[in-house]
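Q: heads up, no residue letters with this:
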């Protein structure tokens, strides 16, 4: 948690210093500050949050914040504001836009605000002092545009590191996969936000504030598309969850078994470095791993397939894969379901995880306080022939983070395949 305190402390110092400097020197170019402040507030008001409140998307607010940080002129007249005023305007606008989210308890405001202030502050400090001193005066045309894009690229990298570091502090997931996921997102909506921020700054410098509504409209449409995309993903996941409950309704598996396996499988997948679509496939396969039992004439007692002979496990897995293929789910999910009973050297990593986690969950069911330790020991002893040793050890690490429980604390969904970088999605 030291890193978390450092980031929050740095953001607080930047905010306090900028606010004090702005109050001391006064607000310059008030019309420009008000225009950008209103747009940033609107972007925050229309920010999208996922159902768990971790993944957020505010492309309009991010683009306007970056544009104001890199604004050097207004309709040909050199601007007078500095880096401190940029941070102050972004701080006030972001807080105002976050009020409804705070009121509804819909998002973690501290992390969001810290990321927004540090990333925008970085861009403003790199640009405003040098611009005000005339360092960039010889730069014009394509060279000036390239300068802005370079600063935005550096800001994006810093934001990705911040997002990954804060996610690591909150979830204790490995840092490198989290950073890789954030960097991958820079190729998606992140590049659009950077380009829009640069174009806004260049357009206002030439034609004035009338350029802002023209370039804000596309960002608002992007934000609307993100809302719809999130709704489609939520509906799709609910459909998968409903299919997974079919085995429970039919009495083939105990209530909540599929969801417990899915949550624990995701945690193990994170620990082993899976990100993005790989984790989504893992979650869906874990939810539907027992669906083949619906095709059995005689149900398995307690739905405990891990204790069955290898041949019977493979038959149930193949039946499950056939059912998954008929539902129209991603074929990669069907492959994982089909191969969960294969010898582990031949399995994809997702299938190895589902098999080990399912066996652990079945062994701990009603086993008493010492059940988890005994189940892990049994998995270790059989790891050489049945379960992948690296998966068993990862499972032990995940469980160690939540001592006294059968499975780790519920894994919060993060929009795993959403191409949204941290400094954009989190602020």
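A: Arrived safely. None of the values given here were measured: they were computed from a predicted structure.

Q: which residue ranges form the strands in this protein?
A: Under the criterion DSSP state E, strands of the chain are mapped to 48-49, 56-57, 73-74, 77-78.

Q: packing partners for the third one?
A: So that's strand 73-74. helix 191-207 (3 or more Cβ pairs under 8 Å, 6 or more residues apart in numbering; DSSP states H and E). From N, CA and C alone the C-beta is placed, and that goes for glycine too.

Q: chain center to the helix it packs on: distance?
A: Mean-position distance between helix 191-207 and its chain equals 26 Å (Cα atoms, centre = their mean, to the nearest Å).

Q: and residue 401, what's its pLDDT?
A: Reading off the confidence values, residue 401 has pLDDT 76.

Q: count the neighbours of it for me.
A: 13 (other Cβ atoms under 10 Å).

Q: ok, it touching residue 172?
A: Yes: in this structure, residue 401 is within contact of residue 172 by Cβ atoms under 8 Å, at 5.9 Å.

Q: mutual contacts of those two, please.
A: Common neighbours of residue 401 and residue 172, using Cβ atoms under 8 Å, 6 or more residues apart in numbering, do not exist here.

Q: okay, and for the chain, where does confidence drop off?
A: Across the chain, the ranges flagged by pLDDT under 70 are 1, 48-57, 104-108, 297, 367, 383-385, 402-427.

Q: in it, where's the longest helix?
A: The longest helix of the chain (DSSP state H) is helix 211-244.

Q: name the residues of it that are buried.
A: 211-212, 215-216, 219, 222-223, 226, 230, 233, 237, 240-241, 243-244 (16 or more other Cβ atoms under 10 Å).

Q: equivalent analysis for stretch 63-79, please.
A: 63, 64, 65, 66, 67, 68, 69, 70, 71, 72, 74, 79.

Q: and the end-to-end length of that stretch?
A: In stretch 63-79, first residue to last residue: 19 Å (Cα to Cα, to the nearest Å).

Q: and that stretch, how far from the chain's centre?
A: With Cα atoms, centre = their mean as the basis, stretch 63-79 stands 30 Å off its chain's centre.

Q: let the chain start at 105 from now.
A: Okay, using 105 as the starting number, the last item reads as stretch 167-183.

Q: just the buried residues of stretch 167-183: which are in helices?
A: 167, 168, 169, 170, 171, 172, 173.

Q: who's in contact with the last one?
A: The one in question is residue 173. Contacts of residue 173 by Cβ under 8 Å, 6+ apart are 187, 190, 194, 224, 225, 227, 228, 231, 232.

Q: now for the fifth one: which residues touch it?
A: Under the criterion of Cβ under 8 Å, 6+ apart, the neighbours of residue 225 are 118, 122, 173, 187, 190, 191.

Q: how about the first one: what's its closest non-neighbour residue?
A: When you say that, I think you mean residue 118. Spatial nearest neighbour of residue 118, excluding adjacent residues (Cβ to Cβ, 6 or more residues apart in numbering): residue 225 at 5.1 Å.

Q: now do the second one
A: Counting by Cβ to Cβ, 6+ apart, the nearest residue to residue 122 once its immediate chain neighbours are dropped is residue 191, at 3.7 Å.

Q: now do the helices in the stretch 105-254 of the chain.
A: Assigned by DSSP state H, counting those that start in this stretch, the stretch 105-254 of the chain shows helices spanning 106-129, 134-149, 163-173, 187-208, 213-236, 246-275.

Q: how about those in CSV, adding distance to residue 485?
A: CSV is the format used below for these (distance: least, Cβ to Cβ, whole Å):
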stretch, distance to residue 485
helix 106-129, 38
helix 134-149, 54
helix 163-173, 52
helix 187-208, 50
helix 213-236, 42
helix 246-275, 30
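
Q: do you know which of the ones you listed lies nearest residue 428?
A: Residue 428 lies closest to helix 246-275 among the helices of the stretch 105-254 of the chain, at 28.7 Å (Cβ to Cβ).

Q: for the contacts of residue 173, which two are the farthest from each other?
A: 194 and 231 (14.0 Å).

Q: the more surrounded of the two?
A: residue 194 (29 against 24).

Q: looks like the more buried one contacts residue 224 (just checking).
A: Yes: between residue 194 and residue 224 a contact is recorded at 5.0 Å, counting by Cβ under 8 Å.

Q: who touches both of these two?
A: With Cβ under 8 Å, 6+ apart, residue 194 and residue 224 have common neighbours 169, 172, 173.

Q: how close does the second one sit to residue 248?
A: By that I understand residue 172. The gap separating residue 172 from residue 248 is 17 Å, by Cβ to Cβ, to the nearest Å.

Q: circling back to that earlier point, how about the ones in helices among the buried residues of stretch 167-183 in JSON lines, adding distance to residue 477?
A: Formatted as JSON lines, those follow (distance: Cβ to Cβ, whole Å):
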{"residue": "167", "distance to residue 477": "52"}
{"residue": "168", "distance to residue 477": "54"}
{"residue": "169", "distance to residue 477": "50"}
{"residue": "170", "distance to residue 477": "51"}
{"residue": "171", "distance to residue 477": "56"}
{"residue": "172", "distance to residue 477": "56"}
{"residue": "173", "distance to residue 477": "53"}
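
Q: just to revisit the earlier point, okay, the helices of the stretch 105-254 of the chain, which one's buried deepest?
A: Highest mean neighbour count among those (mean count of other Cβ atoms under 10 Å): helix 163-173, with a mean of 30.

Q: now do it and helix 213-236, the angle between them.
A: 30 degrees (axes from the mean of the first three to the mean of the last three Cα atoms, to 10 degrees).

Q: hang on, the earlier thing: among the ones in helices among the buried residues of stretch 167-183, which two are most distant?
A: Using Cβ to Cβ, those span at most 10.9 Å, a distance reached by 167 and 173.
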